[in-house]
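**Q** Quick one: sequence and predicted model below, then my questions.
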Amino acid sequence: MDSETSRQIPATIPAPIPKTLARPNPAKDRDFLNHLEAYLGKRDGVDKLLKVSRYASKIILASSALPESLILTQRLKSFDSSIGLSRKAFRLGKFVQDLNALRNSHFHSKQEILLSIIAYGGEGFYYFIEQFVWLAKAGLIDTKHLKNLGKISAWFEFIGYMGSISLKFRDLKKLIEDEVCLESTIEVAFLRGNGNQVEEGKMRKLREKKLMKKLSIVQDFADGLMALADIRDGKGRLSAPFLVSLAGLVSALISTHKNWVSC
C-alpha cells in the first residue's frame with residue numbers, strides 16, 4: 001500500500017553521526033521486565049494473554065482428559081466463562097480503531113476500497129455489537145436479546161475476517177514482488193563486486209514483514225473458523241469443540257507474538 005517517490009537531494013548533506021555518539025535504540029536496550037511492562041500496558045496485550053489462558057483451558061475441557069465429576073473440571077468451566085466476560089469488557093470502544101483505520105487508509109483501486117470497507121466495517125460493527133453482548137451478560141440488558149446479538153455479532157465478525165484475509169493476500173503478493181526485485185538487485189551487485197549490505201538489510205526486514213503477514217493470515221483464518229462455528233451454533237465438523245479451541249489458541253499465540261514484537 002505504500003509507494004516511493006523521488007526526492008530532491010539537499011545541497012548540504014550533514015555529516016554522519018559517529019557510532020559512539022549515535023542515539024541508542026531503546027527497543028534493543030530495554031530488558032525483559034521493561035518490555036513486559038510496556039506489553040501489559042497495552043489493552044491488546046492483556047486481552048491476548050487472557051485469550052491464551054481461555055483457549056488453553058477450553059482445549060483441556062474439549063479433550064475430555066478430565067472427568068466431568070472432577071472439581072478441577074468445574075473450576076475450568078467457571079474460569080472459561082469468567083475470562084470470556086472479562087475479554088468483552090476489554091473491547092469497549094475498540095470499534096473506534098476500525099473507524100480510524102478506514103478513515104486513514106490510502107486506497108489505490110476501487111477493489112481496495114470495497115475490501116477495506118468489508119474488513120474494517122465488518123470488524124468495527126462486530127466490536128460495536130459486542131459491547132451490548134457484554135452488557136447483556138453483565139445483567140444490565142435483558143438476556144432475551146443475547147442470542148440474537150451474538151448471532152449478528154458473529155456474522156459481522158466473519159464478514160470482517162473475509163475482507164481482511166483478501167486485503168492481506170494482496171499485501172503478501174506485493175511483498176513477494178518486492179522480494180523478487182530486491183533479490184535481482186543483490187545478485188547484480190554481487191556480480192559487479194559491489195557491497196550490498198544495505199540491500200541485505202532491506203531483505204531481512206522484508207522477509208520479517210512477509211512472515212508476519214503470513215502469520216496474520218493464519219490468525220484471520222483461525223478467528224474466521226471460530227466465527228463460523230458461532231454462526232452455525234456449534235454444528236458441523238468444522239465446529240467441533242476441540243478444533244475451534246485449537247484455532248482459538250493458535251490465533252491467541254500469533255496475536256500475542258505480534259503485540260510483543262510491536263511494543
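**A** Structure's in. What do you need?
**Q** At which residues are the helices of the protein located?
**A** Assigned by DSSP state H, the chain shows helices spanning 26-29, 32-40, 43-62, 71-89, 95-104, 110-137, 146-191, 197-231, 241-262.
**Q** For the ones you listed, give me TSV that also has mean pLDDT and mean neighbour count.
**A** Just so you know, the C-beta spots here come from the backbone N, C-alpha and C atoms, and that holds for glycine as well. TSV is the format used below for these (pLDDT from 0 to 100; neighbours: other C-beta atoms under 10 Å):
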stretch	mean pLDDT	mean neighbour count
helix 26-29	51	8
helix 32-40	90	12
helix 43-62	92	18
helix 71-89	90	14
helix 95-104	90	14
helix 110-137	92	19
helix 146-191	90	16
helix 197-231	91	16
helix 241-262	93	18
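**Q** So Ser86 is in contact with Lys51, correct?
**A** No. Ser86 lies out of contact with Lys51 (C-beta atoms under 8 Å); the separation is 10.4 Å.
**Q** Asn148 versus Ser34, what's the distance?
**A** One thing to correct before we go on: residue 34 is Asn, not Ser. For Asn34, the distance to Asn148 (C-beta to C-beta, to the nearest Å) stands at 45 Å.
**Q** wait, Leu172
**A** For Leu172 relative to Asn148 (C-beta to C-beta), the value is 36 Å.
**Q** And for Val96?
**A** From Val96 over to Asn148 the distance is 24 Å, taken as C-beta to C-beta.
**Q** Dihedrals phi and psi, Asp233?
**A** Per-residue torsions, Asp233: phi 60, psi 40 (degrees, to the nearest 10).
**Q** Let me know how buried it is, in neighbour terms.
**A** Counted by other C-beta atoms under 10 Å, the residues lying close to Asp233 total 12.
**Q** so what's it up against?
**A** Asp233 makes contacts with Ser239, as judged by C-beta atoms under 8 Å, 6 or more residues apart in numbering.
**Q** Report pLDDT for it.
**A** pLDDT, Asp233: 87.
**Q** try the one 3 residues further on
**A** In the predicted model, Gly236 carries a pLDDT score of 84.
**Q** Once you drop chain neighbours, what's closest to it?
**A** Among residues not flanking Gly236 along the chain, Ala229 sits closest, at 8.0 Å (C-beta to C-beta, 6 or more residues apart in numbering).
**Q** So that neighbour sits against Ser245, correct?
**A** No. Using C-beta under 8 Å, Ala229 makes no contact with Ser245, being 10.0 Å away.
**Q** Please look at Tyr55 and Ser245 and confirm they touch.
**A** Yes. Counting by C-beta under 8 Å, Ser245 is a contact partner of Tyr55 at 5.4 Å.
**Q** follow-up on the earlier one: can you tell me how far the residue nearest to Gly236 is from Gly248?
**A** Separation of Ala229 from Gly248 (C-beta to C-beta): 10 Å.
**Q** just Leu172 next, same as before
**A** Leu172 is 23 Å from Gly248, where distance means C-beta to C-beta.
**Q** How about Val133?
**A** Val133 is 17 Å from Gly248, by C-beta to C-beta.
**Q** same thing with Tyr55?
**A** The gap separating Tyr55 from Gly248 is 4 Å, by C-beta to C-beta.
**Q** Likewise for Gln74?
**A** Using C-beta to C-beta, Gln74 is found at 21 Å from Gly248.
**Q** and if you look at Ser82?
**A** According to C-beta to C-beta, Ser82 stands 16 Å off from Gly248.
**Q** Ok, Val96 next?
**A** Using C-beta to C-beta, Val96 is found at 25 Å from Gly248.
**Q** And for Ala56?
**A** When distance is defined by C-beta to C-beta, Ala56 is 9 Å away from Gly248.
**Q** How about the contacts made by the closest residue to Leu249 other than its chain neighbours?
**A** Once flanking residues are discounted, Leu249 sits nearest to Tyr55: 4.1 Å by C-beta to C-beta, 6+ apart. By C-beta under 8 Å, 6+ apart, the residues touching Tyr55 are Ser245, Leu246, Gly248, Leu249, Ser251, Ala252.
**Q** Kind regards, and thank you for your time.
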